[in-house]
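Enquirer: Predicted model, plus sequence, below.
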Amino acid sequence: MTTMTPTASAAWTQLQAALARHRPACEADPRFILDDLDETTREALARICDHCPILDACHTYAPYAAAGYWAGRQRSPERKKR
C-alpha cells in the first residue's frame, strides 16, 4: 500500500467531499480510466470535464492520480506525484 503525502491526502479528502455532493458525468463513463486514448476521445472527455461541477477538486487531486483522465487531461504513471 502506498502512503499519500499530507498534500495528496488533503486533495483526496476534498475530492471525496465534492463527490458526496455531486455525481460527475465521468462516474459512469469507462473511457475516463483507459490508458490509451485517441485525440477524438480526449477532446470529448475534455468537453465533459469543462462542465463538471467538481472540476476544481478533480484538478487539485489529478497530479496524484496514478493514471486515467482527470480534470481535462490524460494522466500517466510516469507523471504521478507522491
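Expert: That came through fine.
Enquirer: Cys26: what's it in contact with?
Expert: With contact set as CB atoms under 8 Å, 6 or more residues apart in numbering, Cys26 has these partners: 32, 45, 48-49, 52, 69. Yep, even glycine has a C-beta here, placed from its N, CA and C like the rest.
Enquirer: Name the nearest of these relative to Leu15.
Expert: Ranking these by separation from Leu15, with CB to CB as the measure, puts Cys52 on top at 11.7 Å.
Enquirer: Spatially central residue for the protein, please.
Expert: In the chain, the C-alpha closest to the average C-alpha coordinate belongs to Trp70, at a distance of 2.7 Å (CA atoms, centre = their mean).
Enquirer: Grab the nearest non-local neighbour of that one.
Expert: Counting by CB to CB, 6 or more residues apart in numbering, the nearest residue to Trp70 once its immediate chain neighbours are dropped is Ala62, at 3.7 Å.
Enquirer: How about Ala65?
Expert: Arg75 (4.9 Å).
Enquirer: so what's that neighbour up against?
Expert: The neighbourhood of Arg75, defined by CB under 8 Å, 6+ apart, consists of 62-63, 65-69.
Enquirer: quick one: it from Ala20, how far?
Expert: Taking CB to CB, to the nearest Å as the measure, Arg75 and Ala20 are separated by 23 Å.
Enquirer: you'd agree Asp17 is in a strand?
Expert: Let me fix one detail, which is that residue 17 is Ala and not Asp. No. According to DSSP: H, G, I helix; E, B strand; the rest coil, the state of Ala17 is helix, so it is not within a strand.
Enquirer: you'd agree it is up against Ile54?
Expert: No. Counting by CB atoms under 8 Å, Ala17 stays clear of Ile54, with 9.2 Å between them.
Enquirer: Who has more neighbours out of these two?
Expert: For Ala17 versus Ile54, neighbours defined as other CB atoms under 10 Å are more numerous around Ile54 (23 against 11).
Enquirer: separation between the more buried one and Ile48?
Expert: In terms of CB to CB, Ile54 sits 12 Å off from Ile48.
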